[in-house]
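Asker: For reference, the sequence and a predicted model appear below.
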Amino acid sequence: MKEENIHINNTVISFFLNPTNEYLRYKVAFEKKIQLYDKKLLEEKSKYSQLLNSIPLPLALINEQRFILFANNFAKDIFPSNFEGSYLHQYFRDPILKNTIEKVKNDLDDYSLNLQIDLNNKNVLFNVKIQPVISEEKEILYYLIIFIDQESISKSIQERNDFLANASHELKTPLTNIIGISEIISSDPKAIIENKNFSKNLLVNVKRMQNLIYSLLDLSKVEINKNIIQYKLLSLEKISNSTIDEFKNIQSKEQNIKIFNNLNNKSLKLKTDEKEFKLLFFNILDNAFKYSSSSVKIYLEETTKNIEIIFQDNGIGIPRNEINRVTERFYRVKGNEKIEGSGLGLSIVSEIMNNHEGEIKIESEEKIGTKVFLIFKRV
């Protein structure tokens, strides 16, 4: 016990005799501890960065000094390019945020606050959630900060409600026709013999429902795939030839389909997914022949930055004032409502191009035809 007390007394005396050196020693020890934590984080970053980047919300990981150690891709998209690797106070000076982090530190619990953030000269309201990353010794190693855009949530809820309302309406029409004809046949079985249009109308409405359900499933898959699919480099010539052959095989023999494919570049590769690529081609080609086109030319244009796949048809075209709306879900060009279709084809194409971080562009002239440009970033 005496030896222990002597050691303590010597340490205390040493500190009072030379406080600066003692302070520096503790400071260096503390900073080394922080550096070890940060080094460990950087070593493990590659393991969890893919997971964090797949979360469709901006998030950041900061240390005790409020230094931003990691920002996922969604955070990098909305915040300045040097966001990762800088200090939190450089972007957020709100004292409420600082106080909330202190609460997390003291209580070892999650907290959230609403914060107005200036993005490109526009104030956006975020719900900011702060969670502690705690060690086995119950010490805070880091803070996870999640930014939830309240405006986007409200918009998403509205879009979902509109989508459900439109889908319900589109399904209701053929279903009502099917029920009506079925009730007549049920009460008078001879009616289907006397009215030859009954069986035809039943088949038309069942197919309409089937096409709509398939389109809804395709759209749902594309949205789910956004943060799951890992795109691969595929031969553009090979995948386009097999897709066009498959499209021709599944079409009705009554249709006189002419497709001129000029995507002949054996060395060109595209970063894509085979199923999504086929869905792109199927929807564009189906649209072209559905709207009176007798042939479609598919050709390639390349720039230093982009690969452009262009579909040119000679169909009825799209009125200029409606071109910007044809990629909206369930939108049908005025006057074309009687043509069989779900109004989802080009919206599926648009969603797939968003997944690829690409772009769809449409040029059209009535009674002459339409050009659809699929613009991919060159790898």
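Answerer: Good, I have the coordinates. The structure presented is a predicted model; accordingly, all values stated were derived computationally and were not measured.

Asker: only C-alpha atoms for contact and neighbour calcs from this point on.
Answerer: Noted.

Asker: Next, the buried residues of whichever strand or helix holds Asn99.
Answerer: Using DSSP states H and E, Asn99 maps to helix 95-107. When burial is assessed from 16 or more other C-alpha atoms under 10 Å, helix 95-107 yields the following buried residues: 97, 100-101, 104-105.

Asker: Turn those residues into CSV, columns for distance to Asn306 and pLDDT.
Answerer: Below are the buried residues of helix 95-107 laid out as CSV (distance: C-alpha to C-alpha, whole Å; pLDDT from 0 to 100):
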residue, distance to Asn306, pLDDT
Leu97, 42, 86
Thr100, 45, 89
Ile101, 44, 89
Val104, 46, 88
Lys105, 48, 88
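
Asker: Now the biggest strand by length in the chain: average pLDDT?
Answerer: Under DSSP state E, the strand in the chain containing the largest number of residues is strand 122-134. Averaged across strand 122-134, the pLDDT comes to 87.

Asker: Okay, buried residues for it please.
Answerer: For strand 122-134, by 16+ other C-alpha under 10 Å, it's 125-126, 128-133.

Asker: same question, stretch 311-319
Answerer: 311-318.

Asker: is it possible to export those residues to CSV including secondary structure, distance to Tyr299 and pLDDT?
Answerer: As requested, the buried residues of stretch 311-319 are exported to CSV (DSSP: H, G, I helix; E, B strand; the rest coil; distance: C-alpha to C-alpha, whole Å; pLDDT from 0 to 100):
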residue, secondary structure, distance to Tyr299, pLDDT
Phe311, strand, 7, 94
Gln312, strand, 8, 94
Asp313, strand, 12, 92
Asn314, coil, 15, 91
Gly315, coil, 17, 89
Ile316, coil, 21, 91
Gly317, coil, 19, 91
Ile318, coil, 21, 91
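
Asker: Nearest to Lys232 among those residues?
Answerer: Distance to Lys232, by C-alpha to C-alpha, is smallest for Phe311 among these, at 23.2 Å.

Asker: residue contacts, that closest one?
Answerer: 284, 296-299, 370-373 (C-alpha atoms under 8 Å, 6 or more residues apart in numbering).

Asker: From the residues you listed, keep the buried residues only.
Answerer: Buried among the contacts of Phe311 (16+ other C-alpha under 10 Å): 284, 296-299, 370-373.

Asker: nearest to Tyr91, of these?
Answerer: Phe373 (38.9 Å).

Asker: which other helices and strands contact the strand or helix carrying the closest one?
Answerer: Taking DSSP H and E as the criterion, Phe373 maps to strand 369-377. Contacts defined by 3 or more C-alpha pairs under 8 Å, 6 or more residues apart in numbering; DSSP states H and E place strand 369-377 against strand 306-313, strand 359-365.

Asker: Please identify the most buried of those strands.
Answerer: Compared across the helices and strands packed on strand 369-377, strand 306-313 shows the largest average neighbour count, a mean of 21 (mean count of other C-alpha atoms under 10 Å).

Asker: I'd like the next helix or strand past it.
Answerer: helix 345-355.

Asker: Let me know the angle separating that following helix from strand 369-377.
Answerer: Put simply, helix 345-355 runs at 20 degrees to strand 369-377, going by axes from the mean of the first three to the mean of the last three C-alpha atoms, to 10 degrees.

Asker: Pretty sure Phe163 sits in a helix.
Answerer: Yes: assigned with DSSP: H, G, I helix; E, B strand; the rest coil, Phe163 falls within a helix.

Asker: Find me the pLDDT at it, would you?
Answerer: So, for Phe163, pLDDT stands at 73.

Asker: How about it, nearest residue that isn't a chain neighbour?
Answerer: Distances taken as C-alpha to C-alpha, 6 or more residues apart in numbering put Arg329 closest to Phe163, at 7.5 Å, once the chain neighbours are dropped.

Asker: my guess is that neighbour contacts Gly341, does it?
Answerer: No: taking contacts as C-alpha atoms under 8 Å, Arg329 lies outside contact range of Gly341: 11.9 Å.
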